[in-house]
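# sequence and computational prediction follow.
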2 protein chains.
Amino acid sequence: MRLAELSERSGVSTATIKYYLREGLLSPGRRVAATTADYDEGHLDRLRLVRTLIQVGQVSVAGAREVLRHIDDESLGRTMRMGAALWALPQVPEPDESDEAVVTARREVDRLLETLGWSTARELADLSPDHRSLVVAVASLLRLGYSWDAERMAPYARLMHEVAVRDLDYIDTRASDADMAEAAVASAVLFDPALKAMHRLAQQEESVRRYGLD
Amino acid sequence: MRLAELSERSGVSTATIKYYLREGLLSPGRRVAATTADYDEGHLDRLRLVRTLIQVGQVSVAGAREVLRHIDDESLGRTMRMGAALWALPQVPEPDESDEAVVTARREVDRLLETLGWSTARELADLSPDHRSLVVAVASLLRLGYSWDAERMAPYARLMHEVAVRDLDYIDTRASDADMAEAAVASAVLFDPALKAMHRLAQQEESVRRYGLD
């Protein structure tokens, strides 16, 4: 298809598409004349992902380029390809290791992962921003004087594992490793807010079942 | 306790405490002399919640005042008191009802809630920002050409209900309705990031179980 059709089908203006091409977020079309290029369904898919990242995920252009680089990295195995693409999304900054709450939080997170038998999460602790996010979240709780108890948290983590099994069942339907990494990223950006809203609606529903509405 | 002790025990500077007092985020201490007031454990608890809202939840001073107003509103029943306090946290803006994706999303969310038998969520649809958040999230998915299927989503919602049951079991241990609303707000601000991090760690763990690490 020509640029005009790519624009119409994607809902992205031609000016924006040209900008994405220039910034390397979209690979060049096949040149068919001096000033004309041809685009395919792959370009349409990629454009959709770029919009997801930039418009919904509020990722910068440089950040989006980094996510795409990992999705396209043939040298990575399936797990690390999904992982690296997800890890290139905006993350919480490194915690201050001299902070006592961070030290305690790190120990508590380790205790939780040990209870769960999640050995990979422990193995990748230094690499994974998700591990760091959990440490930072627990440190916030502790610093404000709230309690965190690995035993009380384990059932929550097990429920999130059931959620993750469904996620992977869905991602698994994709044809290639690149498509799987793409699905993992799109679902992190687009599906996380839906999951959070369902959580809140479920709390409300449960509250009414227990205490009534007024 | 005196202001100096309140500051030391809360880790909040006296200047900030004075600012919170002036802004009505903290009720005045009991006056014991012309320039001296006495503060109690209730002040310490409230200060902790204000820090949670402003420092972690990135809520504005006006927003925090609104949350506290609902927590302290004796006229509300237990469910609505928790609900109103949570709803005063920052929310997604109203969706554009003339947008076709929003209309479809609203229908799909209704279908999901019907499948689940969550009648309250449907009843409070016009009032609840959580319902709106779900509509906005689904509309984003649809607008980008991803699919949303109420039948496929129902098991996710049921898992989030299991999470909500645990949340309410915890909130239920609090002594008063005000304490319960406070716990609901603190856990929304502080625990949501931990839940999200556990979700991501679970995905990583599940991916390694299925595909190995490299």
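Thanks, I have it. Numbering: from 1, shown residues only, chains lettered A, B, ... in the order given.
# middle-most residue in chain A, spatially?
A:Ala188 (3.6 Å; C-alpha atoms, centre = their mean).
# host element of it?
Per DSSP states H and E: A:Ala188 is located in helix A:177-211.
# residues of the helix or strand bottoming out on mean pLDDT in chain A that come out buried?
Among the helices and strands of chain A, helix A:119-123 carries the lowest confidence by mean pLDDT, DSSP states H and E, at a mean of 86. Neighbour-count burial for helix A:119-123, counted by 16 or more other C-beta atoms under 10 Å in any protein chain shown, picks out A:120-122. Every residue, glycine included, has its C-beta placed from N, CA and C.
# same check, this time on stretch A:199-214
Those would be A:199-208, A:211, for stretch A:199-214 by 16+ other C-beta under 10 Å.
# which of those residues lies closest to B:Val163?
Using C-beta to C-beta, A:His199 is the member of the buried residues of stretch A:199-214 that lies nearest B:Val163, at 6.0 Å.
# ok so, going back, tell me the angle of the helix holding A:Ala188 relative to helix B:177-211?
150 degrees (axes from the mean of the first three to the mean of the last three C-alpha atoms, to 10 degrees).
# how about helix A:177-211, does it reach chain B?
Yes - contact of helix A:177-211 with chain B (C-beta under 8 Å from any C-beta of the partner chain) involves A:184, A:186, A:188, A:190-208, A:210-211.
# now do stretch A:12-24
No - using C-beta under 8 Å from any C-beta, stretch A:12-24 stays clear of chain B, with a minimum separation of 10.8 Å.
# residues contacting that stretch, please?
A:3-4, A:6-7, A:10, A:26, A:28, A:47, A:50-51, A:61, A:65 (C-beta atoms under 8 Å, 6 or more residues apart in numbering or on different chains).
# average model confidence for that stretch?
Across stretch A:12-24, pLDDT averages out at 95.
# got the buried residues for the one helix or strand A:Arg158 maps to?
A:Arg158 belongs to helix A:150-171 when assigned by DSSP H and E. Buried residues in helix A:150-171, counted by 16+ other C-beta under 10 Å: A:150, A:153-154, A:156-157, A:159-165, A:167-168, A:171.
# so which elements touch it?
helix A:100-116, helix A:177-211, helix B:150-171, helix B:177-211 (3 or more C-beta pairs under 8 Å, 6 or more residues apart in numbering or on different chains; DSSP states H and E).
# can you tell me what sits against that helix?
A:82, A:108, A:111-112, A:115-116, A:118, A:180, A:183-184, A:187, A:195, B:152, B:155-156, B:159, B:162-163, B:166, B:170, B:194-195, B:198-199, B:201-203, B:205-207, B:210.
# swap the cut-off to 7 Å and go again
Applying C-beta atoms under 7 Å, 6 or more residues apart in numbering or on different chains, the contact partners of helix A:150-171 are A:108, A:111-112, A:115-116, A:180, A:183-184, A:187, B:155-156, B:159, B:162-163, B:166, B:195, B:198-199, B:202-203, B:205-207, B:210.
# same check, this time on stretch A:47-56
Contacts for stretch A:47-56 (C-beta under 7 Å, 6+ apart): A:10, A:12, A:20, A:25-26, A:59, A:64, A:67, A:182, A:186, A:189-190, B:140, B:144-145.
# out of those, which comes closest to B:Ile71?
Nearest to B:Ile71 among the contacts of stretch A:47-56, with distances taken as C-beta to C-beta, is B:Ser140, at 31.3 Å.
# burial count for that closest one?
Here the number of neighbours of B:Ser140 (other C-beta atoms under 10 Å in any protein chain shown) works out to 25.
# ditto for A:Asp149
10.
# repeat for A:Glu5
12.
# from chain B, how far out is it?
15 Å (C-beta to the nearest C-beta, to the nearest Å).
# secondary structure class for that residue?
helix (DSSP: H, G, I helix; E, B strand; the rest coil).
# which non-adjacent residue is nearest it?
Sequence neighbours aside, A:Tyr39 is the residue nearest to A:Glu5 in space, at 7.8 Å (criterion: C-beta to C-beta, 6 or more residues apart in numbering or on different chains).
# domain assignment for chain A?
Per the record's domain assignment (automatic domain parsing), chain A is made up of the domains A:3-56, A:87-211.
# what separates the first one from the chain centre, distance-wise?
A distance of 23 Å separates the C-alpha centroid of domain A:3-56 from that of its chain, computed with C-alpha atoms, centre = their mean, to the nearest Å.
# what about that domain, how long is it end to end?
Length of domain A:3-56, first residue to last, C-alpha to C-alpha, to the nearest Å: 23 Å.
# wait, A:Leu113 touches A:Ala121, no?
Yes - with contacts counted by C-beta atoms under 7 Å, A:Leu113 reaches A:Ala121, the gap being 5.0 Å.
# if we can go back for a sec, now the two most distant members of the buried residues of stretch A:199-214.
A:His199 and A:Tyr211 (18.5 Å).
# can I get the helices and strands packed on helix A:150-171 in a markdown table with distance to B:Ser75?
Putting the helices and strands packed on helix A:150-171 into a markdown table (distance: least, C-beta to C-beta, whole Å) gives the following:
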| stretch | distance to B:Ser75 |
| --- | --- |
| helix A:100-116 | 38 |
| helix A:177-211 | 15 |
| helix B:150-171 | 20 |
| helix B:177-211 | 11 |
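# which one of those lies nearest to A:Asp130?
helix B:177-211 (3.9 Å).
# packing partners for the closest one?
helix A:78-87, helix A:119-123, helix A:129-143, helix A:150-171, helix B:61-71, helix B:78-87, helix B:150-171 (3 or more C-beta pairs under 7 Å, 6 or more residues apart in numbering or on different chains; DSSP states H and E).
# what helices and strands are in contact with the first one?
This points to helix A:78-87. Against helix A:78-87 (3+ C-beta pairs under 7 Å, 6+ apart) you get helix A:61-71, helix A:177-211, helix B:177-211.
# on that earlier part again, how far out from the middle of the chain is the helix holding A:Ala188?
12 Å.
# tell me which of the domains of chain A sits most buried.
Highest mean neighbour count among those (mean count of other C-beta atoms under 10 Å in any protein chain shown): domain A:87-211, with a mean of 19.
# chain center to that domain, what's the gap?
Relative to where its chain is centred, domain A:87-211 has its mean C-alpha point 11 Å off (C-alpha atoms, centre = their mean).
# A:Arg106 against A:Ala137, yeah?
No - the pair A:Arg106 / A:Ala137 is not scored as a contact, 11.9 Å apart, by C-beta under 7 Å.
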